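>>> What follows is a protein structure lacking sequence information:
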């Protein structure tokens, strides 16, 4: 085999290595929750904060299959909230938080989940992010967001009739804008103003957070392997002319 042919084979082997690495490290699950037992969530790092006004309403609870069944698993295997998140269920504003465990996230990581509403009155859900490590600071009022100032998604922002899906619908939220791996938390916020006219019943199911390597990482890996192939070719060439 000629030196040129040997060099080409080394470069090809390096590129195959990159593709193999991309295939085996394409994604990793950081968190997966199917809400079989909502009461046990706090034991695995989840946090609930109900800042609705009037306060002290019903927090997030186990899904009620009599309203609608889960997206997957047992009929009640989802987490739900409704207009009783505000204390008397008759008037006020809802700001009911369901905060995920602390995770180390990077650009291109993504959150996926399913949600639906019963649909009798308009509902709204936000997905927010805090880059402040284990913080669960969401402020103290129904309008505050505390450390969760990054809004990633709003479902039915205008509280329109029919604006929230009434069949289980999957959403994907991609992390971006981080300078590097960042410790923080994602959160769902059931946020409905004026429950005299709005707020019914929503469910969330099959929450998954997935880590995806950044393309730049794979590119650097490929350059390193190609560089190694070139170095081996130079070493072999030098030896052959001595």
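Perfect, I can see it now. This structure is a prediction, so every number in the text was calculated from the model and none was measured.
>>> use CA for all of it now, contacts and neighbours both
Noted.
>>> how's the chain carved up into domains?
1-26+214-242, 27-212 (automatic domain parsing).
>>> Buried by neighbour count: which residues of stretch 195-214 qualify?
Along stretch 195-214, these residues count as buried under the neighbour rule (16 or more other C-alpha atoms under 10 Å): 195, 198-213.
>>> again, but for stretch 185-197
Neighbour-count burial for stretch 185-197 flags 185-193, 195 (criterion: 16+ other C-alpha under 10 Å).
>>> Please identify which of those residues is nearest to residue 88.
Distance to residue 88, by C-alpha to C-alpha, is smallest for residue 195 among these, at 10.3 Å.
>>> Quick one: find the helix or strand in this protein with the lowest mean pLDDT.
Scoring the helices and strands of the chain by mean pLDDT, DSSP states H and E places helix 3-24 at the bottom, with a mean of 46.
>>> Surely residue 172 is in a strand?
Yes - the assignment for residue 172 by DSSP: H, G, I helix; E, B strand; the rest coil puts it in a strand.
>>> Any idea what it is bridged to?
Per DSSP bridges, the residues bridged to residue 172 are residue 112.
>>> And for it, the neighbour number?
Neighbours of residue 172 under the rule other C-alpha atoms under 10 Å: 12.
>>> That one against residue 113, yeah?
Yes - counting by C-alpha atoms under 8 Å, residue 113 is a contact partner of residue 172 at 6.9 Å.
>>> Let me see the contact set for residue 164.
Going by C-alpha atoms under 8 Å, 6 or more residues apart in numbering, residue 164 touches 116-117, 119, 122-124, 155-156.
>>> farthest pair in those?
Using C-alpha to C-alpha, the pair of the contacts of residue 164 lying farthest apart is 119 and 155, separated by 13.2 Å.
>>> So what's the gap between stretch 128-143 and the chain middle?
Taking C-alpha atoms, centre = their mean, to the nearest Å, the mean C-alpha location of stretch 128-143 is offset from the chain mean by 16 Å.
>>> Would you mind measuring from residue 67 to residue 118?
Distance, residue 67 to residue 118, by C-alpha to C-alpha, to the nearest Å: 7 Å.
>>> Sorry, wrong one. I was asking about residue 150.
28 Å.
>>> out of these two, which sits in the busier spot?
Between residue 150 and residue 118, counted using other C-alpha under 10 Å, residue 118 has the larger neighbour count: 19 against 13.
>>> my guess is that one meets residue 162, correct?
No - judged on C-alpha under 8 Å, residue 118 makes no contact with residue 162 at a distance of 10.2 Å.
>>> picking up where we left off before, let's see which of the contacts of residue 164 end up in helices.
Of those, none are assigned to helices by DSSP state H.
>>> Make JSON lines out of the residues you listed and add pLDDT.
Output for these, formatted as JSON lines (pLDDT from 0 to 100):
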{"residue": "116", "pLDDT": "98"}
{"residue": "117", "pLDDT": "98"}
{"residue": "119", "pLDDT": "95"}
{"residue": "122", "pLDDT": "98"}
{"residue": "123", "pLDDT": "98"}
{"residue": "124", "pLDDT": "98"}
{"residue": "155", "pLDDT": "98"}
{"residue": "156", "pLDDT": "98"}
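>>> Same list (the residues you listed) but as CSV, adding distance to residue 45 and neighbour count.
Shown next, in CSV, are the contacts of residue 164 (distance: C-alpha to C-alpha, whole Å; neighbours: other C-alpha atoms under 10 Å):
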residue, distance to residue 45, neighbour count
116, 24, 22
117, 26, 28
119, 31, 18
122, 30, 22
123, 26, 32
124, 24, 24
155, 25, 17
156, 28, 17
